[in-house]
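Chemist: got a predicted structure plus its sequence, pasted below:
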Amino acid sequence: MGEYESESVFEVPIGPQHPALKEPAMFMFKVDGEYVVDVDANVNYNHRGMEKAAESRTYIQNLYLMERVCGICSFTHQLCFSQGVEQLLEVEAPPRAQYIRVIIGELERIHSHLLWLGVAAHEIGFDTLFYYVWRDREIVLDLLETISGNRQNYAMSTIGGVRRDITDEQTHKAFKSLKILEERTKFYQNMIPRERTILKRGVGVGVLKPADAIALCAAGPTLRMTGVKSDVRFNDPYQAYGEIPWNVVTYDTGDVVGQVMVRVGEVLEAVNISRYALQHLPTGPIRRKVPRSVPSNETVSKTEAPRGENIHYGRSNGTDKPDRWKVRAPTLANIPAVSKMLTGGYIADIPIVLAGIDPCFSCTARVAFVDVEKNKRWFWSQEELRRYGIKWYGG
């Protein structure tokens with residue numbers, strides 16, 4: 001048992017298939033009685049090969065592949081990709097397109113945070129709040145459908161701008177929807193600090209100290225719940241965020257209640273950002289023409305996804321297909337942090353602590369071959385993997 005060798009310490013596996021997990025992942029917990037003393041996380045049970053698939057698709061085709069890295073954060077990945085390709089091309093989207101991108105990004109943040117709040121309430125047995133919040137979430141989904149035509153995977157961002165404009169009629173509906181969302185969210189913001197169910201299951205649960213959050217490279221609400229003021233939109237503004245007044249929401253408890261309060265506060269900020277962007281939407285075109293082939297270069301593009309810092313690395317080779325495209329989604333950054341948060345807590349708190357980072361395991365796993373002695377790493381093509389499979393099964 002190593003460091004925790006003891007007759008009273010047992011290994012308890014959760015996953016890769018488990019009612020507490022919405023996606024396949026494997027957590028091996030070492031427990032002493034009701035306490036978790038160590039955590040070993042393995043998130044490599046759902047590898048979809050998106051990065052390798054990107055190399056065989058054109059930049060235009062990859063717009064829709066990147067949108068499917070995550071269903072809830074679909075736009076932020078598509079925007080991060082579009083932004084990266086624009087950096088490689090040394091072009092910038094028109095001002096109106098940048099504002100529309102901000103609006104869609106913030107509406108997606110509202111959708112994601114309300115979805116998470118409902119799931120968190122369900123994990124602690126507070127299904128009344130779950131139903132209320134998911135009812136309110138329908139408002140923003142209807143608004144996104146009005147603007148883009150879809151409740152999910154909006155296909156709004158493209159290389160050089162956006163695919164759809166926002167009309168005056170849609171703007172009027174957006175103001176009405178944002179007002180309702182603001183009123184409902186303020187109700188939750190006032191209710192949560194006094195609600196005994198949330199306080200009983202959230203205060204002092206899944207604690208993460210600011211120093212640990214920084215050392216373990218936590219991202220998003222998981223970092224900001226410790227009081228650390230860090231947000232890509234604030235630290236390294238992209239699109240129109242540098243022109244829009246808004247505040248980075250932080251909390252200082254570093255526990256589950258802190259995660260709830262940060263996300264509720266961010267919903268209100270997202271409402272304010274969206275409203276300001278709609279009121280100050282510039283006139284002009286929504287996209288500009290760009291060449292299909294991209295000159296040889298490399299870039300790093302970043303956005304603030306609902307879960308935290310989202311990073312795309314791209315390398316072009318002068319053709320209409322990328323030479324390499326790597327995605328580092330925020331869940332990967334939060335795995336070391338959530339392992340720390342789980343250690344020392346109760347077994348009964350595992351579901352809510354895991355849900356606290358809003359994990360998306362399917363956009364986390366990566367596969368590479370590593371030769372430690374020769375300090376080399378390489379990847380297989382789809383054809384090489386196919387041949388290996390035939391050989392393995394004796395074909």
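Modeler: On my side now, so go ahead.

Chemist: what ranges does the protein have for its helices?
Modeler: With helices called from DSSP state H, the chain shows them at 50-54, 59-66, 74-89, 95-123, 127-148, 168-191, 196-202, 210-215, 221-224, 232-235, 256-279, 330-342, 350-356, 382-392.

Chemist: out of these, which is closest to Phe10?
Modeler: Nearest to Phe10, of all those, is helix 350-356, at 14.5 Å by Cβ to Cβ. Where you see a C-beta, it was placed from the backbone N, CA and C, and this is true even at glycine.

Chemist: would you mind measuring from the spatially most central residue of the chain to Lys176?
Modeler: Compute the mean C-alpha point of the chain, and by Cα atoms, centre = their mean the closest residue is Arg307, 3.6 Å away. The spacing between Arg307 and Lys176, counted by Cβ to Cβ, to the nearest Å, is 28 Å.

Chemist: contacts only, for the closest residue to Ala121 other than its chain neighbours.
Modeler: Distances taken as Cβ to Cβ, 6 or more residues apart in numbering put Leu129 closest to Ala121, at 3.9 Å, once the chain neighbours are dropped. Leu129 makes contact with Leu117, Gly118, Ala121, Tyr188, Glu195, according to Cβ atoms under 8 Å, 6 or more residues apart in numbering.

Chemist: nearest to Glu145, of the residues you listed?
Modeler: Checking those one by one against Glu145 (Cβ to Cβ), the nearest turns out to be Gly118, at 19.0 Å.

Chemist: what about the closest one, how many residues nearby?
Modeler: Counted with other Cβ atoms under 10 Å, the burial measure for Gly118 works out to 21 neighbours.

Chemist: surely it is in contact with Arg135?
Modeler: No - with contacts counted by Cβ atoms under 8 Å, Gly118 stays clear of Arg135, the gap being 9.2 Å.

Chemist: related to what we said a few turns ago, ok, and the closest non-adjacent residue to the residue nearest to the centre of the chain?
Modeler: For Arg307, ignoring the flanking residues on the chain, the nearest one in space by Cβ to Cβ, 6+ apart is Pro330 at 4.1 Å.

Chemist: identify the residues contacting the one you found.
Modeler: Applying Cβ under 8 Å, 6+ apart, the residues near Pro330 are Ala219, Gly220, Ala305, Arg307, Gly308, Glu309, Asn310.

Chemist: closest one to Val36 out of the contacts of Leu129, please.
Modeler: Closest approach between the contacts of Leu129 and Val36, by Cβ to Cβ: Ala121, at 22.8 Å.

Chemist: please verify my assumption that that closest one contacts Trp134.
Modeler: No - with contact taken as Cβ under 8 Å, Ala121 and Trp134 are classed as non-touching, separated by 9.3 Å.

Chemist: who's more crowded, those two?
Modeler: It is Ala121, of Ala121 and Trp134, that has more neighbours when counted by other Cβ under 10 Å, with 27 against 17.

Chemist: contacting residues around the more buried one?
Modeler: So Ala121 contacts Asp127, Thr128, Leu129, Phe130, Val133, Ile198 (Cβ under 8 Å, 6+ apart).

Chemist: adding pLDDT, write those out as CSV.
Modeler: Written out in CSV, the entries for the contacts of Ala121 read as follows (pLDDT from 0 to 100):
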residue, pLDDT
Asp127, 91
Thr128, 92
Leu129, 93
Phe130, 93
Val133, 95
Ile198, 92
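
Chemist: in PyMOL, select just the buried ones from these.
Modeler: Selecting only the buried members of those in PyMOL, with burial defined as 16 or more other Cβ atoms under 10 Å, works like this:
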select buried, resi 129+130+133+198
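
Chemist: what's the neighbour count on the nearest residue in space to Ile180 that is not next to it in sequence?
Modeler: Nearest residue to Ile180, sequence neighbours excluded (Cβ to Cβ, 6+ apart): Ile139, at 5.8 Å. In terms of burial, Ile139 registers 18 neighbours under the definition other Cβ under 10 Å.

Chemist: wait, what's in contact with Ile139?
Modeler: Going by Cβ under 8 Å, 6+ apart, the list of residues near Ile139 reads Ser177, Ile180, Leu181.

Chemist: ok, now Val69?
Modeler: Contact criterion Cβ under 8 Å, 6+ apart gives Met50, His77, Val327, Ala329, Cys363 as the residues in contact with Val69.

Chemist: repeat for Asn42
Modeler: Contacts for Asn42 (Cβ under 8 Å, 6+ apart) come out as Gly15, Ala25, Met26, Phe27, Met28.
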